[in-house]
Each structure stands twice: as C-alpha cells, then as structure tokens.
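Trainee: let's see this in three dimensions:
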Amino acid sequence: MSIHRDQVVAAAKTAFPDCDPAAVLAALDPYRVEPYEREVERVQLAIIELSGGNMDRLLQLVQAAKTDYRDVLAWQQLGPLSKAEGRGLQDGARTLIEQWGKKNAGPTGR
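Mentor: Reported below is the predicted structural model:
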C-alpha cells in the first residue's frame, strides 16, 4: 500500500485539531530533507500516531526518525511495552552483547 502526502495531512489534522496543519507539517518535514531518509510518508504517519497529539513528543519522534527511522516504525508496530517487557528486552540484549564480546575477545582475552 502506497501512502501519500494527503494522508499525512489528514492524519495531522485529526491528531492536532487545535493546531494549524501547516505548523504540524513544518514540524514533521525535517524528516524528508536528507536523501537517506526513507519511506517519508510512512514514517511521518507513524510519528503522528505515536505523538498522541503532543507537539513536543512529535518533535522528539522526528529527531529519533532522523537518527534511525526504523526505530519509529518498530515503536508503532510493537506498541507500548510494559516495564517488565522493557527490562526483559534490555536483559536479553545485554546477554547477547556479553556473549558476542566473549566470542570475539581474540587470543589475548580482551
């Protein structure tokens, strides 16, 4: 399914009914400047959804997308995690990092 700019505009109007849509789009559009910023409309829709109508949150999400747009898409797809789920994922990641470090320590053990 192809997403178009008019869908982004409609989502912005719905999520931010008390804001000028042009202001919301101006806040979103820093994520569309660089040639490596992929799936612009899809990412912008995810940002709008995740923002919950909060402009400060929207701006934070735009910056996150500029760092790695896949984070924003994953957050949208996975939904909010409980604290226990977050701790479990972090613990799993730490374990993998520790295991990777041991496997790649080299002959000196570093």
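
Trainee: using the three-state scheme, assign Glu34.
Mentor: Using DSSP: H, G, I helix; E, B strand; the rest coil, the structure places Glu34 in coil.

Trainee: please report the number of neighbouring residues for it.
Mentor: 9 (other CB atoms under 10 Å). C-beta here means a position set from N, CA and C on the backbone, and glycine is covered the same way.

Trainee: off-centre distance for stretch 91-100?
Mentor: Taking CA atoms, centre = their mean, to the nearest Å, one finds stretch 91-100 lying 23 Å from the centre of the chain it belongs to.

Trainee: tell me the buried residues in it?
Mentor: Of the residues in stretch 91-100, none is buried by neighbour count under the rule 16 or more other CB atoms under 10 Å.

Trainee: any idea how this structure splits into domains?
Mentor: Annotated domains of the chain cover 5-79, 81-110 [automatic domain parsing].

Trainee: highest mean neighbour count out of these?
Mentor: Most buried of the domains of the chain, by mean neighbour count (mean count of other CB atoms under 10 Å): domain 5-79, with a mean of 16.

Trainee: can you give me the end-to-end distance of it?
Mentor: 24 Å (CA to CA, to the nearest Å).

Trainee: excluding its backbone neighbours, what's nearest the residue nearest to the spatial centre of the chain?
Mentor: For the chain, Val72 is the residue whose C-alpha lies nearest the centre (CA atoms, centre = their mean; 1.5 Å). Closest residue to Val72 apart from its sequence neighbours, by CB to CB, 6 or more residues apart in numbering: Ala65 at 4.6 Å.

Trainee: residues in contact with the one you found?
Mentor: 31, 37, 43, 47, 71-72 (CB atoms under 8 Å, 6 or more residues apart in numbering).

Trainee: so Arg70, which state does it fall into?
Mentor: Applying three-state DSSP: Arg70 is helix.

Trainee: now the element after the one helix or strand Asp6 maps to, going C-ward?
Mentor: Secondary structure from DSSP states H and E places Asp6 in helix 5-15. The helix or strand immediately downstream of helix 5-15 is helix 21-28, counting by DSSP H and E.
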